[in-house]
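Novice: here is the input, now give the coordinates:
(chains A and B)
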2 protein chains.
Amino acid sequence: MRNVDKKTITQAFMNYCAADTEPRLRLILERLVHHLHAFAKETELTHEEWRKGIELLTRTGDITDEHRNEFVLFSDLFGLSSLVDMIHSAGDATPSSVLGPFHVLGAPLLPVGGDLIQENEGDPLVVSGRVKNAKGQILAGAELEIWQTAANALYSSQDENQSEYNLRARQVVGEDGRYCFSTVRPVPYEVPTDGPGGELLRATGRHAWRPSHLHIIVKADGHRSLVTELFPDDDPYLDEDAVFGVREGIVMHYELHDSRDDLPDDLAIGETIATPYLMVDFDFVLADA
Amino acid sequence: MRNVDKKTITQAFMNYCAADTEPRLRLILERLVHHLHAFAKETELTHEEWRKGIELLTRTGDITDEHRNEFVLFSDLFGLSSLVDMIHSAGDATPSSVLGPFHVLGAPLLPVGGDLIQENEGDPLVVSGRVKNAKGQILAGAELEIWQTAANALYSSQDENQSEYNLRARQVVGEDGRYCFSTVRPVPYEVPTDGPGGELLRATGRHAWRPSHLHIIVKADGHRSLVTELFPDDDPYLDEDAVFGVREGIVMHYELHDSRDDLPDDLAIGETIATPYLMVDFDFVLADA
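Specialist: This is a model prediction of the structure:
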């Protein structure tokens, strides 16, 4: 090993790994170090650039805490988070999309037709649809989880002026596979730009905006859980999501309605919702487990 | 961009970068994201593995502080630090090797022939040689910097029982290009194993040992500075340095001497050095700037 050089160092790394290294870990390390070394060789990475990279990682660690993970933001901005979603998205199901950092456990159950608007400002929006399998069969008993921004572009977990579970709910569908809730239209927002991730955006002339979206998780027994987002087709950032989360199959269309007569019968606030309101119908398709 | 998929996401990332992005940054990001995406695709990286990776980076940041940088340790253990050295090592000069985390500024000047043993335990060692250019011409006025472990396998910066600059010195060579100092034989040591870097070593059945070495920086006007290490050819870890720092061109040979008559004339402790002692002669060759 003392004669290790540019050509042999990648193999030298693998030779160091014991034969009984767990095979999946061995594969991941082999590919990781192969690409890490290829990156350094192809760019002829300088000591000064290496030092800057170490310094960037160090500052990324410094700004990361239990509420904010800047490594996740880099993964998002580099498209890695979305790529992992794409790699494991089932072809015959609704496309998955990034979970993001704003999911919290413990959201309350909301009956089908229930309301999330409560005290929130914003355009009223009624979302409904059904949960199915890839053959089009209804998945009775499926559970949805929903979370989104308030009108001030913040999630409840970012904003001490919102209640803990504001604009967050779980909903269990009945025999008809149907979900339904009223909410306010989510709004576009910027990913955090005050850390190393923001430096990357500024250095490459990129903006920090994400198109508005509803976060959704859908689970049903015997099926792969779906983590996704729904984006309205009229959002100005639809074609330039800072974190590459948009797919054609999760773009939805808001219909503007003037009359409460168009509302679903089971909507809890069907007699009081402000008009005009927006309405969207979107079915989720889950792949078999 | 809403139709971004596994095949197009790497190009989508580059399309986000503004045309006036600094060209070197653009190249580095292009290669970085290319290899990051290829790594994820070739391994079909799962969400759980992605989560473990983020968690590992987060813990690497947590253990990093002003005295210890675990990102540097990962770079060392992955062979990246050594690869960067190799990429920029001049072919007609003494090979470079890793700087490591134990270099500190401000080491005192030591006259040629001066002594670093002082109160240190360990085998006496006399190191001397000359500083030259690639044509073999003497480089008068070149400056060396030396630092190494004490007998307890710790550098002074790791050990509050050592004085600040114990076993550290700078030395300026005269018209004959010659350096010379007495010291104690450095000893092998383990890189830190109490953090995420240690987890990598255990998971792959690797040990943490580095062969014993002298750290050396050599500088001369009009020449590329050399950052390197010297390794004795009898070290048990010579062929399995945990951080891939050994090259054939920086392996030295200790000669065992019984008689003080063999010592250089200018050695300050020439009349008192314990016998037997070790002696090594090593010339440094610097490339033109």
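
Novice: make it CA atoms for all contacts and neighbour counts henceforth
Specialist: Will do.

Novice: ok, the residue in the stretch 51-200 of chain A that chain B sits nearest to to A:Y16 distance?
Specialist: The minimum distance from the stretch 51-200 of chain A to chain B, using CA to the nearest CA, falls at A:G61 (4.1 Å). Remark: distance between A:G61 and A:Y16 (CA to CA, to the nearest Å) = 28 Å.

Novice: now A:H223
Specialist: Here the criterion is CA to CA. By it, A:H223 lies 41 Å from A:Y16.

Novice: circling back: name the element the nearest residue to the residue of the stretch 51-200 of chain A closest to chain B once chain neighbours are set aside belongs to?
Specialist: In this structure, A:G61 finds its nearest non-sequential neighbour in B:G61, 4.1 Å apart by CA to CA, 6 or more residues apart in numbering or on different chains. Under the criterion of DSSP states H and E, B:G61 resides in helix B:47-63.

Novice: what does that helix contact?
Specialist: A:57-58, A:60-62, A:64, A:69, A:71-72, A:84-85, B:69-71, B:195-196 (CA atoms under 8 Å, 6 or more residues apart in numbering or on different chains).

Novice: spell out which parts of the stretch 151-289 of chain A neighbour chain B.
Specialist: A:203-206, A:238-240, A:244, A:246-248 (CA under 8 Å from any CA of the partner chain).

Novice: in TSV, list those along with secondary structure.
Specialist: Converted to TSV, these look like this (DSSP: H, G, I helix; E, B strand; the rest coil):
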residue	secondary structure
A:A203	helix
A:T204	coil
A:G205	coil
A:R206	coil
A:L238	coil
A:D239	coil
A:E240	coil
A:F244	coil
A:V246	coil
A:R247	coil
A:E248	helix
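
Novice: looking at these, state which has the most neighbours.
Specialist: Highest neighbour count within these: A:V246, with 31 neighbours (other CA atoms under 10 Å in any protein chain shown).

Novice: for that one, which non-adjacent residue is spatially closest?
Specialist: Nearest to A:V246 is B:R2, by CA to CA, 6+ apart, at 5.1 Å.

Novice: could you do A:I217 as well?
Specialist: Leaving aside its sequence neighbours, A:I217 sits nearest to A:V227 (CA to CA, 6+ apart; 4.5 Å).

Novice: did I read that right, that neighbour in a helix?
Specialist: No. Judged by three-state DSSP, A:V227 forms no part of a helix; its state is strand.

Novice: so who does it touch?
Specialist: Contact analysis of A:V227 by CA under 8 Å, 6+ apart lists A:96-99, A:215-218.

Novice: how close does it sit to B:I146?
Specialist: Applying CA to CA to A:V227 and B:I146 gives a distance of 56 Å.

Novice: which parts of the stretch 101-250 of chain A are helices?
Specialist: A:196-203 (DSSP state H, counting those that start in this stretch).

Novice: what's around the residue nearest to A:G61, how many residues?
Specialist: Neighbour tally, B:G61, other CA under 10 Å: 24.

Novice: how much space is there between it and A:D65?
Specialist: 10 Å.

Novice: cool, A:N15 as well?
Specialist: Per CA to CA, A:N15 is found 36 Å from A:D65.

Novice: what about stretch A:90-103 and chain B, touching?
Specialist: No. Using CA under 8 Å from any CA, we find that stretch A:90-103 stays clear of chain B, coming within 10.4 Å at best.

Novice: buried stuff in that stretch?
Specialist: A:90, A:93-100, A:102-103 (16 or more other CA atoms under 10 Å in any protein chain shown).

Novice: okay, now the domains of chain A?
Specialist: As given by automatic domain parsing, the domain ranges for chain A are A:1-45, A:81-286.

Novice: would you mind finding the longest helix in chain A?
Specialist: Secondary structure of chain A per DSSP state H: the longest helix is helix A:23-43.

Novice: just the CA trace of that helix, in CSV.
Specialist: Listed in CSV are the C-alpha atoms of helix A:23-43, where the atom choice follows Å, rounded to 0.1, in the frame of the first residue of the first chain:
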residue,chain,number,x,y,z
PRO,A,23,-22.4,-6.4,1.6
ARG,A,24,-24.8,-3.5,1.2
LEU,A,25,-22.5,-1.2,3.1
ARG,A,26,-19.5,-2.4,1.1
LEU,A,27,-21.4,-1.6,-2.2
ILE,A,28,-22.4,1.8,-1.0
LEU,A,29,-18.8,2.7,0.2
GLU,A,30,-17.3,1.4,-3.0
ARG,A,31,-19.6,3.6,-5.2
LEU,A,32,-19.2,6.5,-2.8
VAL,A,33,-15.4,6.5,-2.8
HIS,A,34,-15.3,5.7,-6.5
HIS,A,35,-17.3,8.9,-7.3
LEU,A,36,-15.6,11.0,-4.6
HIS,A,37,-12.2,10.2,-6.1
ALA,A,38,-13.4,10.6,-9.7
PHE,A,39,-14.8,14.0,-8.7
ALA,A,40,-11.4,15.1,-7.2
LYS,A,41,-9.4,13.8,-10.2
GLU,A,42,-11.7,15.3,-12.9
THR,A,43,-11.7,18.7,-11.3
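
Novice: do it and chain B meet?
Specialist: Yes. Counting by CA under 8 Å from any CA, chain B is contacted by helix A:23-43 at A:26-28, A:31-33, A:35-43.

Novice: of those residues, buried ones?
Specialist: By neighbour count, with 16+ other CA under 10 Å, the residues of helix A:23-43 next to chain B hold A:26, A:28, A:31-33, A:35-41, A:43 as buried.

Novice: quick one: these as TSV, columns for pLDDT too.
Specialist: Output for these, formatted as TSV (pLDDT from 0 to 100):
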residue	pLDDT
A:R26	97
A:I28	98
A:R31	98
A:L32	98
A:V33	98
A:H35	98
A:L36	98
A:H37	98
A:A38	98
A:F39	98
A:A40	98
A:K41	98
A:T43	98
